[in-house]
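Q: fold the following and give me the result.
(2 chains)
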2 protein chains.
Amino acid sequence: MPEGAIFFKSKMKEKIATAKLERQVINSMREYFEKEGFVEIFPPKIVRASGACENIDTLFEVWVDGKRNWFHSEKPHPAYLSQTAQLYLEAFTPYLKKVFAVGPSFRAEPGNDNRHLIEFTMFEIEFAGGFKKLLEYIEGAIYKVVKDILALPQKIKRKLELKKEDIERLRRVKPVFPKITYEKAIQILNLPFGSDISSKDEQKLIEKFGGQPLFITHYPNPLYDHGKEIEVEKFFNMIPDPKNPKYVLSADLILPTGGEAVGAAQRVYKFEELKWRLENSRMFKRLIKKGGSLDDFAWYLERGKEKSVPHSGCGFGIARILKFIKGEEEIKKVVTFPSNQENII
Amino acid sequence: MPEGAIFFKSKMKEKIATAKLERQVINSMREYFEKEGFVEIFPPKIVRASGACENIDTLFEVWVDGKRNWFHSEKPHPAYLSQTAQLYLEAFTPYLKKVFAVGPSFRAEPGNDNRHLIEFTMFEIEFAGGFKKLLEYIEGAIYKVVKDILALPQKIKRKLELKKEDIERLRRVKPVFPKITYEKAIQILNLPFGSDISSKDEQKLIEKFGGQPLFITHYPNPLYDHGKEIEVEKFFNMIPDPKNPKYVLSADLILPTGGEAVGAAQRVYKFEELKWRLENSRMFKRLIKKGGSLDDFAWYLERGKEKSVPHSGCGFGIARILKFIKGEEEIKKVVTFPSNQENII
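A: Numbering: from 1, shown residues only, chains lettered A, B, ... in the order given. So this is what the prediction gives:
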């Protein structure tokens, strides 16, 4: 029997606690954003490449009866599983102002390790507004998740299998998180400009900043001439910092044990700039190699032509938040149905 | 540009109303079942054949870089997109008693018509309990959806683009719905035993029963020797009616205009009976032809061996409920992101 099946069968008491904690966290977030006036939207999961994040190489393909190009509009084309609902949510910001979606994000990550799943629940928001407000929403949501757990009766905490040290870790969380720029982060870590910050290095930074959730902000602008290829890779529509276009108005929230739990940015919203950034992105070059084209983004670009407003958004990886809450290194232990290449049921 | 893109672009005001109504209905249902003590669960979407409903031929396949058998446990195997979370929810009924899940159901239905989508939001419940309670939950949930809409301020109703005749249609809905058996239904329609009831015939029955939502109950037992092949196809684990094993304790809820919006049944829960019914089902024979095996269901059968209780459940197709509310024949008009073979974005 597959490992997943054994896992499922053998530890039902643990599974129940996991399921309840997963629901507890998502309900807190839902409450937070509904109170803030966000409207839930139900974006598609079978998509063209407009459902890809920068990591386009990990797209799952959707086939029918052994046929890749089952889908067709003017001509047959492939379909993928959505990695992010971002662009679909963005389409609504000029009209509904604040929207969110909760659902699976799919990544064809190979292997069977303690950090990756092939699908995980993402809580994504998008709103008409700027970078400062975005960071406030992230702090507000994570802080509410923490407060709601701390406010649970002792009996419930036990049922959720929250240990004494978990509660202590959560008590230490403050409502405003430390923030450092990418530039500062690589300086502290003694890394060359353009480096990706490893998950091990992320945890080093957290230790340095008091064991709190930590924002790393202002990553290198992927469409700026840095004089060399840079390793760290960010989404094409992150907006350049008006004060210094070498960087974009983006932030990752790093959690103790959980690692990168939120990816956030203010977005480019003007049609010409969007189109130029897309066409010149690394992601787009990879898409062309895969047989894709600008057609994949036609609806999104068209929408931007019609009406758009300055807006920002982010995606919360629920499993990473759960890892933080439980102080758990093994991602398979914090998700009710953990799936990877070797474990699907 | 694909039709879907044009559709998306051209009618943004209508889209906003659609998005808001979709959210209104799902929130009502969520409130109803949470108040009844149901716990939300997040089942996987990339699955083995245990994520299939009886219509296994419309499974989407999940491939990676042109490889069908990217997934492997002891040996490489294919993966599919979930059509139902039923079996995953069932696994929790002995422990959590009442569970639900909200998410996409995927069907590789060809073409571009007014009744089918390739993905649609399903609200699925499963609980430790019997058939009578199941029908009460369905009536309770649909009635709450209707009442909540009727209670909205006039201004909001207009924003949701609800017409006067929509409101009148909803006002006529009573808290208890008429119920007829499958046997009675085919007798009224003058159809031979074993026939599938077409969507046109469903609407005829509704007219006959006062234009109300209508239950058709007690469909033919798919594992009973009816002396001939029968056309109407039901899921293998529906439990035979103890009073007459020719039929199963199942029900479909048919809505005016919406058609079959809920499929419901009490489930077989004893391991030996489950295994026998699965292995002798038409679905399983088709699965074997597709290259599948009993391995696909190993985790589910193992779980049943360990601990199980009498339980029942159903899936609400949100788009069909929305068709009913709006009296709308075209399914693409009631869903925010309608996807079919010719329209994905």
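Q: what's around the closest residue to chain B within the stretch 151-300 of chain A, how many residues?
A: Closest to chain B within the stretch 151-300 of chain A is A:Trp299: 3.5 Å, counting by CB to the nearest CB. For glycine as for every other residue, the C-beta is placed from the backbone atoms N, C-alpha and C. By other CB atoms under 10 Å in any protein chain shown, the residues close to A:Trp299 number 24.
Q: over to the one 4 residues further on?
A: Applying other CB under 10 Å, we find 21 residues neighbouring A:Arg303.
Q: do the same with A:Gly313
A: A:Gly313 has 25 nearby residues by other CB under 10 Å.
Q: torsion angles phi and psi at it?
A: When read as degrees, to the nearest 10, the backbone of A:Gly313 gives phi -170, psi 180.
Q: for A:Ala185, phi and psi?
A: phi -60, psi -50.
Q: in what helix or strand does the nearest residue to it once chain neighbours are set aside lie?
A: Of all residues not flanking A:Ala185 in the chain, A:Ile216 sits nearest, at 5.2 Å (CB to CB, 6 or more residues apart in numbering or on different chains). Here A:Ile216, judged by DSSP states H and E, is contained in strand A:214-217.
Q: before we move on, back to that, contacting residues around the residue nearest to A:Ala185?
A: Neighbouring residues of A:Ile216 by CB atoms under 8 Å, 6 or more residues apart in numbering or on different chains: A:179-182, A:185, A:197, A:202, A:205, A:251-252, A:254.
Q: keep only those of the residues you listed that are in strands.
A: A:179-181, A:251-252, A:254 (DSSP state E).
Q: if we can go back for a sec, okay, and the beta partners of the residue nearest to A:Ala185?
A: A:Ile180, A:Asp252 (DSSP bridges).
Q: pLDDT wise, what is it at?
A: With respect to pLDDT, A:Ile216 scores 98.
Q: now swap in A:Trp299 and tell me
A: A:Trp299 is given a pLDDT of 89.
Q: for it, which three-state class applies?
A: helix (DSSP: H, G, I helix; E, B strand; the rest coil).
Q: what's the burial count for A:Tyr300?
A: 22.
Q: oh sorry, the question was meant for A:Ala85
A: Counted with other CB under 10 Å, A:Ala85 comes out at 27.
Q: equivalent analysis for A:Ile41, please.
A: Neighbours around A:Ile41, by other CB under 10 Å: 23.
Q: wait, what's in contact with it?
A: A:85, A:88-89, A:92, A:96, A:99-101, B:19, B:23, B:336.
Q: could you pull up phi and psi at it?
A: phi -120, psi 150.
Q: how close does it get to A:Asn27?
A: Distance, A:Ile41 to A:Asn27, using CB to CB, to the nearest Å: 18 Å.
Q: so what's the closest residue in space to A:Gly111 that isn't next to it in sequence scoring on pLDDT?
A: Here the nearest residue to A:Gly111 in space, its sequence neighbours aside, is A:Gln341; by CB to CB, 6+ apart that works out to 5.9 Å. At A:Gln341, the pLDDT value in this model is 96.
Q: A:Gln341 contacts B:Pro76, correct?
A: No - using CB atoms under 8 Å, A:Gln341 is not in contact with B:Pro76; the gap is 10.1 Å.
Q: mind listing the shared neighbours of these two?
A: Counting by CB under 8 Å, 6+ apart, the residues touching both A:Gln341 and B:Pro76 are B:Trp70.
Q: doesn't A:Val47 make contact with the residue of the stretch 151-300 of chain A closest to chain B?
A: No - the pair A:Trp299 / A:Val47 is not scored as a contact, 10.5 Å apart, by CB under 8 Å.
Q: ok, now which ones touch A:Pro256?
A: Contacts for A:Pro256 (CB under 8 Å, 6+ apart) come out as A:169, A:203, A:206, A:211-213, A:324, A:327.
Q: need phi/psi at it.
A: Dihedral pair for A:Pro256: phi -50, psi 130, per degrees, to the nearest 10.
Q: what does A:Leu96 give?
A: According to degrees, to the nearest 10, A:Leu96 has phi -90, psi -10.
Q: ok, now which ones touch it?
A: A:39, A:41, B:16, B:19.
Q: let's see the pLDDT reported for it.
A: So A:Leu96 comes in at 95 (pLDDT).
Q: now the one 3 residues further on
A: On pLDDT, A:Val99 comes in at 98.
Q: who does it bridge with?
A: Counting by DSSP bridges, the residues bridging with A:Val99 are A:Val39, A:Glu126.
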